[in-house]
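In: model the following, please.
(one chain, ligands or ions: 2)
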Amino acid sequence: MVKSPVFLRFFLYGARIYSLYSNRGLLLLFSLSVDKSAMMADARPEFVQVAIPSGVPAPLIYRVPERFQESLQIGMRVLVPLGTRKVTGVVSAFAQHSTLPRIREILDMMDDHPILDASLLELCRWISKYYISPLGEALATVLPPTLRLESQRMVTARDGSFALKGKLEREIVALLQSRKRILLKSLGNQLSGRGINRALSRLVSIGAVEIEDKIKTDRRRAGRKEPAAEAEETVPGRKQLKLTADQGAALQSMEESLAMGGFATFLLYGVTGSGKTEVYLRAIERVSKQNKRSLILVPEISLTPQLKDRLLNRFPGQVGMLHSALTSAERYTQWWRIARGEVNVVLGARSAIFAPIPDLGLIIVDEEHDTSYKQEEGLRYNARDLAVVRGKLLSCPVLLGSATPSIESYHNCQLKRYQRLDLRSRVEEQSLPHVEIVDLRQDLMEQPAAPAGSSGGGIFFSRQLIKALQENHKLGHQSLIFLNRRGFANFLQCKLCGFVLRCPQCSISLTYHRNEQSVFCHHCGFRKPFSDLCPSCDNSTLAGVGFGTEKLEEELLRFIPEAKIGRMDRDTTSKRGAHERLFRQWEKGEIEILVGTQMIAKGHDVAGVTLVGVISADLSLNLPDFRAAERTFQILLQVAGRAGRGANPGRVIVQTYLPDHYSFQFAATHDYESFFASEIEFRRDLGYPPFGRLVQLRLDGLKAKDVEQKARSMGASLRRYITNRDKGAEQIEILGPAPAPIEKLRNRYRWQILLKGKKGPPLLDLAKAAQGLCPQGNVRLHIDVDPYNML
Ligand code: ADP
Ligand code: ZN
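Out: Ligands and ions are numbered 1, 2, ... in the order given. A predicted model of the protein is given here:
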C-alpha cells in the first residue's frame, strides 16, 4: 500500500483546521506553520525540532550532524541530550536555521522509517492545544513506554583508597563495592532521605565514585522483525448473513464515504440486537477493498468476547489488538505489527485511538456513549472525540454506534453535523423486552415485617421479581440480575456507637467482602482483614449495612436453591481469562442465573436469557453529576437489551424508589427519543453540554489546608481575570472552589473549580491562566477539559 498523500497535505498547506464541531461541541481553532521548504524531498535539515515525551513544554531545537542529514525524517525517533540525561524524542519539524546561540546535537537516530506519520503528529499537536498539555505529554500518551528509551544514571566505585568522611559515605562506597555499579535511583531508594546527594557529589569530587549515563543497548528499530504474534484462535465460522433492509440502507448511506474516503461522521443508532456489529464488519470489508485499513474501538475488549470472535472469524490473521490486558511485550509486538501494516483491522480499547495504522480508512467507535472512552488520569482525553478529530485529520469516515447514543452525539445529528443511520428493529423482528417498573416503597409497605433477605423478599428482591425468577428457572430459561455495587455489605457500622469504618486514605467507607473476609476501599484498593471490633467503642458490634452482588448471590440461593448461580463483577474476573471463562459458561447455559455489575450490561448476546432484574436502579441516579439521568437511562436500556434475543420474548423488572423519574418512564417504553427530548431541555436550561462547555480544575495535595488555600486564591484570581476582560467574559461562570464530592483520595485532599461557558476558547484561556497560577509545588492542578467524572 502506498502512503496516502493526504498525510502530507496538512503540512504543505500549513494545516489550518477550523471548528471541527463549530462552537458548541468540541472546538478548536489552531494553525500550524511548518517550514515548507523543509518538506521538499531533497531538503537536508540542519536543525530539527524534537518533541520529548515528558513534561517538556515545547519541542526543543537540535542540530543534525552531517551523517544523519540525508536520512532523517519527521516522525522518527532520535536520541538527544536533555540536561544531564539522554532521552528519546520524536522529530516534529525541520528548521533550516536557528538563532539560538548554543545548540546541542542529536546523538543518534533510532528508526529507519518514521514511526509516527504526519497525521499522528498532527493529532498530538491537536491534543496538546485542546487538552492544555505539553506536546511531550501528548506524545507520551501516544507512544507506548517501551518505545521510549531513556538513559539512566549509574554510579560506580573507583579503585583506590580515599579519605571517606562519615557513616553515609562509607555506606555508599561499601554498597558500590559489593555490587560494582548501581542505578542512582535505586541507591537513592536504599539510603533514602539521608542527604545522599551531598555525600555523592563529595565522593565524585574526591574521585571515589563516578556517575555516568547509560542507555540500554537494545535499539529497537522500526524495520526489525519482531517475533510473530501467537497464533490466533480460530473461531467456528458463521454463515454469511443476508442483510436486513435497515442494515442495507445504513451501508448504502455510507457507501460513498467508504469507497471514496473523505471525512464524515455517522451515528449508527440501533436498538440492542439490531445488528450493528454486522454493519461494522461490512464497512470494514468495504474499505479494505480500497486497500484501506480500519480501526474499531470498544469500551473494553475483555467484556466483548463475541465481537472479537466475529472479527477473527471474518478477517482471519488480519486482526491486531491493543488493550490493557496485554503485557508490555505483547503490546510492543502488536504495535509493530500494526505499524508495519501487517494487519488490516485493529481492535482496541481507549488508547488504541493512537494506533499507528498506515492507510487508515475507517474509524469505528462501538458503544460510543460509554464513559470508559474517557481517560481519567494523566492526560484526560476522550477517545470517542479523538476518533472524530483523527477522522477529520485523515479525511476518512468515522462510524459511531450505540443503542443509547450520548446526548452530545444525538444532538450533533439534529444539527446535521453527524449523519444518523437507524436500525429500527431487532434482527428477525424479535420484540424488545417488556419492562415493568416496581415501586419499592409500595413493595415495602405491603410487607413491613419482612426482615432483610427473608423468604418474603425484603429489600433485595420484590415479590414480583422473586416470582418471576422462580418461574423463569422452572421453564429452563436464563436470568440476569443487575446491581451496580459489588461486595457483601456496603459498609460496616457499629450498632452501639454508630461509627462507620472508613478508608484511611480516602473519604470513603470500606466495603465488606465476605469471601475474602476483608474490607476494601473501592477507590484506592486499600484492604485489611475483617474484624467486628469497633475501633471507636471497642465492642464487637460492627455490622454490615447495605448489600452488594456477593450478598445477592447468597440471597438468591435461598429462593431458588437448585439454581446454578454465577457472579460476574470485578472480584470474580480479576484473574486473567476469568471473565472469558465465566462468559463462556453463561453462553453455554451452564450458569442459569447470573448476578453482576455493569459488566453484564455490555455486548452480551445470549439467546437463552429471558428475564432481567435490576435491583437498585436508583444508585446511579443519585450521584452529583449532571449526566446521572443519562447514565441511568443508558445502563437500563443496555441491561434490558440482554433479554429476549432468542426465540422467547424477554421481560425486565426494574426496582426503584423513584418510579416516576423520566429515566425509568422512558426506559419502560424503550423510548430514547422522548428521553432525549426531556434531557436536552434540562441541559439547555442549565447551560450544560451540549449547550455549554465545561472545564474542571482539580487541585490536590497532601495537606488539606494548602489545597484549600490554593483553591481559594485561584478562584479569586480567576474571577478577577474574567471581570477584567472584555466581552465574552460574562458568558463564563466559575463554580466553586469547593471540596470535591470525594474530598480525599489516596491520601490527597481535593478541591475543584468548575469553569462553565458557552464557548470553548475563552474557557481554555482561563484554564491556561489557572495553570500559570499553579507552578509545581505541593499542590497539583489537573485540568480536565470536557469532564465526565464529577466526583
Ligand atoms: P447489536 O450489535 O446491534 O446488539 P448484533 O450485531 O450483535 O446486534 O446482532 C444481533 C444478532 O443478530 C447476532 O447474533 C447477529 O449474528 C445476528 N444478525 C445480525 N445481522 C443479521 C442478519 N442480517 N440476518 C440474520 N442475523 C443477523
Ligand atoms: Zn481508599
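
In: can you list the strands that the longest strand belonging to the chain pairs with?
Out: Taking DSSP state E as the criterion, the chain has its longest strand at strand 732-745. With DSSP bridges as the test, strand 732-745 is paired with strand 748-757 (antiparallel).

In: contacts for the partner strand?
Out: Strand 748-757 is contacted by residues 687-688, 692-704, 707-708, 710-711, 714-715, 718, 731-740, 742-744, 763, 766-767, 770 when judged by CB atoms under 8 Å, 6 or more residues apart in numbering. The way it works is simple: take the backbone N, C-alpha and C, and place the C-beta from them, glycine included.

In: same check, this time on stretch 121-132
Out: 10, 15, 17, 26, 28, 30, 32, 51, 74-75, 90, 92, 116, 133-135, 137-139, 141-142, 354, 379-381, 386, 389-390, 393, 764, 767-768, 771, 783, 785.

In: now with 6 Å, please.
Out: 10, 28, 30, 75, 135, 138-139, 142, 379, 381, 389-390, 393, 767-768, 783, 785 (CB atoms under 6 Å, 6 or more residues apart in numbering).

In: distance from it to the middle of the chain?
Out: Mean-position distance between stretch 121-132 and its chain equals 17 Å (CA atoms, centre = their mean, to the nearest Å).

In: for the stretch 551-700 of the chain, which residue gets nearest to ligand 2?
Out: Nearest residue of the stretch 551-700 of the chain to ligand 2 (CB to the ion) works out as residue 700 at 13.9 Å.

In: CA atoms of the strand or helix carrying that residue as PDB?
Out: For residue 700, the host element (DSSP states H and E) is strand 693-701. Extracted as PDB, the C-alpha positions of strand 693-701 are listed here (Å, rounded to 0.1, in the frame of the first residue of the first chain):
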ATOM      1  CA  ARG A 693     -18.700  23.800  27.700                       C
ATOM      2  CA  LEU A 694     -17.100  22.700  31.000                       C
ATOM      3  CA  VAL A 695     -13.500  22.600  32.200                       C
ATOM      4  CA  GLN A 696     -12.900  21.100  35.600                       C
ATOM      5  CA  LEU A 697      -9.900  22.400  37.500                       C
ATOM      6  CA  ARG A 698      -9.000  19.900  40.300                       C
ATOM      7  CA  LEU A 699      -6.400  20.700  42.900                       C
ATOM      8  CA  ASP A 700      -5.000  18.100  45.200                       C
ATOM      9  CA  GLY A 701      -2.300  17.800  47.800                       C
END
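
In: the closest residue to ligand 2 within the stretch 151-300 of the chain - nearest residue in space that isn't next to it in sequence?
Out: The stretch 151-300 of the chain approaches ligand 2 most closely through residue 300 (23.0 Å), counting by CB to the ion. The shortest distance from residue 300 to any non-neighbouring residue, by CB to CB, 6 or more residues apart in numbering, is to residue 349 (5.7 Å).

In: distance of that neighbour relative to ligand 2?
Out: 25 Å (CB to the ion, to the nearest Å).

In: in the stretch 501-650 of the chain, where is pLDDT below threshold?
Out: For the stretch 501-650 of the chain, applying pLDDT under 70 flags the ranges 603.

In: 80 instead?
Out: 601-605, 622-623, 645 (pLDDT under 80).

In: which parts of it are helices?
Out: Ranges of helices in the stretch 501-650 of the chain, per DSSP state H, counting those that start in this stretch, are 549-559, 578-588, 628-640.

In: surely residue 328 is in contact with residue 147?
Out: No: in this structure residue 328 lies outside contact range of residue 147 using CB atoms under 6 Å: 10.4 Å.

In: higher neighbour count, the two?
Out: Set residue 328 next to residue 147 and count neighbours by other CB atoms under 10 Å: residue 147 wins out with 23 against 10.

In: give me every residue in the stretch 301-450 of the chain lying close to ligand 1.
Out: residue 427 (CB under 6 Å from any ligand atom).

In: just the strands in the stretch 301-450 of the chain please.
Out: With DSSP state E, counting those that start in this stretch as the criterion, the stretch 301-450 of the chain has strands at 319-322, 345-348, 360-365, 397-402, 419-423, 434-439.

In: neighbours of the closest residue to residue 433 other than its chain neighbours, just the number please.
Out: Setting aside the residues directly before and after it, residue 433 is nearest to residue 650 in space (CB to CB, 6+ apart), at 3.0 Å. Residues lying near residue 650 (other CB under 10 Å) number 24.

In: for the helix ranked longest in the chain, packing partners?
Out: What stands out as the longest helix in the chain, according to DSSP state H, is helix 704-724. Applying 3 or more CB pairs under 6 Å, 6 or more residues apart in numbering; DSSP states H and E, one finds that helix 704-724 contacts strand 693-701, strand 732-745, strand 748-757, helix 760-773, strand 779-785.

In: winner for burial among these?
Out: Comparing those by mean neighbour count (mean count of other CB atoms under 10 Å), strand 693-701 comes out on top with a mean of 23.

In: chain center to that strand: distance?
Out: Between the centre of strand 693-701 and the centre of its chain there are 18 Å (CA atoms, centre = their mean).

In: pLDDT (mean, whole number) over it?
Out: For strand 693-701, mean pLDDT is 93.

In: apart from its chain neighbours, what residue comes closest to residue 530?
Out: Using CB to CB, 6+ apart and skipping residues adjacent in sequence, the residue nearest residue 530 is residue 517, 5.0 Å away.

In: hmm, the one you found is touching residue 531, no?
Out: No: at 9.4 Å, residue 517 does not count as touching residue 531 under the criterion of CB under 6 Å.

In: contacting residues around the residue in the stretch 551-700 of the chain positioned nearest to ligand 1?
Out: At 4.8 Å from ligand 1, residue 605 is the closest residue in the stretch 551-700 of the chain, using CB to the nearest ligand atom. By CB under 6 Å, 6+ apart, the contact list for residue 605 reads 306, 645.

In: likewise residue 48?
Out: Residue 48 neighbours (CB under 6 Å, 6+ apart): 62, 64, 91, 94.

In: need the residues you listed in JSON lines (columns: secondary structure and distance to residue 495).
Out: Converted to JSON lines, the contacts of residue 48 look like this (DSSP: H, G, I helix; E, B strand; the rest coil; distance: CB to CB, whole Å):
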{"residue": "62", "secondary structure": "strand", "distance to residue 495": "68"}
{"residue": "64", "secondary structure": "coil", "distance to residue 495": "74"}
{"residue": "91", "secondary structure": "strand", "distance to residue 495": "67"}
{"residue": "94", "secondary structure": "strand", "distance to residue 495": "73"}
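
In: next one, pLDDT for the residue most central in space within the chain please.
Out: In the chain, the centroid-proximal residue (CA atoms, centre = their mean) is residue 375; its distance is 3.6 Å. You'll see residue 375 listed with a pLDDT of 93.

In: now it. Nearest residue, chain neighbours left out?
Out: Sequence neighbours aside, residue 381 is the residue nearest to residue 375 in space, at 5.1 Å (criterion: CB to CB, 6+ apart).

In: how many residues are close by the residue in the stretch 351-500 of the chain that ligand 2 sits nearest to?
Out: Among all residues of the stretch 351-500 of the chain, residue 491 sits closest to ligand 2, at 12.6 Å; criterion: CB to the ion. Burial of residue 491, expressed as a neighbour count using other CB under 10 Å, amounts to 18.

In: residue 512 is in contact with that one, correct?
Out: No: using CB under 6 Å, residue 491 is not in contact with residue 512; the gap is 7.4 Å.

In: now the residue nearest to residue 423 when sequence neighbours are not counted: phi and psi?
Out: Counting by CB to CB, 6+ apart, residue 270 is the residue found nearest to residue 423 once chain neighbours are left out, at 2.9 Å. Main-chain dihedrals, residue 270, degrees, to the nearest 10: phi -140, psi 140.

In: burial measure for residue 270, as a count.
Out: So residue 270, with other CB under 10 Å, has 24 neighbours.

In: and for the one 4 residues further on?
Out: Applying other CB under 10 Å, we find 25 other residues in the vicinity of residue 274.

In: good, wrapping up.
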